[in-house]
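**Student:** The amino acid sequence is not available; the structure is as follows:
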């Protein structure tokens, strides 16, 4: 008798081992639910972790950049997220804001050459806040040039704007309405904050533009609304302590080259003309 035969003859025959299959409906249901839970967990947990990684990749801005911030955004903020590319709302609002002197034309004139391909918009993160783009990010050299141009614009226009910490982002400096200019319209609604760049990451920006210019920017492939714009989300979530995001509050995509920096600054100038009610932007 071989060694293998000597070992296996002491093992119980598999035919003698009782195998119990679930017979009742409750037992079969338990097996199905258990299997579904295992498979579902193996699929859902990696997806949730990837979503969390994207949220953390935005860096500081708005909600806390940690696990608690991610949970709050996904459970409380996300249900309020609205559509961000339709321009019909601006056609209806051209004459809704008084005192800006822009009529239905706005302040911005973009040429066809300045437009970005509509079918090739940058991918924007799936979270309603912070709002950041994930693709078409500028090189370091372009980021530095954009930061310099933005700061120079603020200093040139000190008669209209001042620098202060952003109320919306909390981790970036923003342009605010100068103290000696009375706030009205959109500027009053945003507590004087007019524009900021997300200089800790993608270098996109948020500006407030006239309804006519909002339409031009979106149709030229240069931006989109904030996911909260035109909703009552902020007022409801803050229990009335903060105003809602106006529908004229736009995400402006980051420029990728010198020519696009010029267009970006042109959009900024149009924003400051609209929010200050002044034409003497330098």
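**Tutor:** Sure thing, it's come through. Remember, it's a predicted structure, so these values are computed and weren't measured experimentally.

**Student:** what residues are up against residue 202?
**Tutor:** 58, 132-134, 137, 254 (Cβ atoms under 8 Å, 6 or more residues apart in numbering). All C-beta spots, glycine's among them, are computed from the backbone N, C-alpha and C.

**Student:** and the least confident of these?
**Tutor:** Ranked by pLDDT, those bottom out at residue 58, which has 92.

**Student:** contacting residues for residue 250?
**Tutor:** Contact analysis of residue 250 by Cβ under 8 Å, 6+ apart lists 206-209, 214, 217-218, 223-226.

**Student:** Check the gap between the residue lying closest to residue 157 once chain neighbours are set aside and residue 273 for me.
**Tutor:** Leaving aside its chain neighbours, residue 157 sits nearest to residue 282 (5.4 Å; criterion: Cβ to Cβ, 6 or more residues apart in numbering). Separation of residue 282 from residue 273 (Cβ to Cβ, to the nearest Å): 11 Å.

**Student:** Tell me which of the two has more neighbours.
**Tutor:** Applying other Cβ atoms under 10 Å to residue 282 and residue 273 shows that residue 273 carries more neighbours, namely 23 against 12.

**Student:** Wasn't the more buried one part of a helix?
**Tutor:** Yes. Counting by DSSP: H, G, I helix; E, B strand; the rest coil, residue 273 falls inside a helix.

**Student:** Number of residues surrounding the residue nearest to it when sequence neighbours are not counted?
**Tutor:** Closest residue in space to residue 273, ignoring its immediate chain neighbours: residue 107 at 4.5 Å, by Cβ to Cβ, 6+ apart. Around residue 107 there are 22 other residues, counting by other Cβ under 10 Å.

**Student:** ok, residue 107 touching residue 277?
**Tutor:** No. Using Cβ atoms under 8 Å, residue 107 makes no contact with residue 277, being 10.9 Å away.

**Student:** on that earlier part again, restricted to helices, list the contacts of residue 250.
**Tutor:** 214, 217-218 (DSSP state H).

**Student:** where along the stretch 101-250 of the chain do the strands fall?
**Tutor:** 161-165, 173-177, 193-197, 205-208, 223-225, 249-252 (DSSP state E, counting those that start in this stretch).

**Student:** May I see those strands arranged in a markdown table, with mean pLDDT and distance to residue 264 as well?
**Tutor:** Shown next, in a markdown table, are these (pLDDT from 0 to 100; distance: least, Cβ to Cβ, whole Å):
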| stretch | mean pLDDT | distance to residue 264 |
| --- | --- | --- |
| strand 161-165 | 96 | 16 |
| strand 173-177 | 95 | 14 |
| strand 193-197 | 95 | 9 |
| strand 205-208 | 96 | 8 |
| strand 223-225 | 97 | 10 |
| strand 249-252 | 97 | 7 |
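
**Student:** contacting residues for the spatially most central residue of the chain?
**Tutor:** Geometric centre of the chain, nearest residue: residue 131, 1.4 Å, by Cα atoms, centre = their mean. Residues near residue 131 by Cβ under 8 Å, 6+ apart: 124-125, 204, 206, 226-227, 251.

**Student:** can you check residue 235 too?
**Tutor:** Contacts of residue 235 (Cβ under 8 Å, 6+ apart): 242-244.

**Student:** next one: residue 142
**Tutor:** 203, 255-258, 261.

**Student:** what would these look like in JSON lines with distance to residue 157 and secondary structure?
**Tutor:** JSON lines is the format used below for these (distance: Cβ to Cβ, whole Å; DSSP: H, G, I helix; E, B strand; the rest coil):
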{"residue": "203", "distance to residue 157": "20", "secondary structure": "coil"}
{"residue": "255", "distance to residue 157": "19", "secondary structure": "coil"}
{"residue": "256", "distance to residue 157": "25", "secondary structure": "coil"}
{"residue": "257", "distance to residue 157": "24", "secondary structure": "coil"}
{"residue": "258", "distance to residue 157": "21", "secondary structure": "helix"}
{"residue": "261", "distance to residue 157": "17", "secondary structure": "helix"}
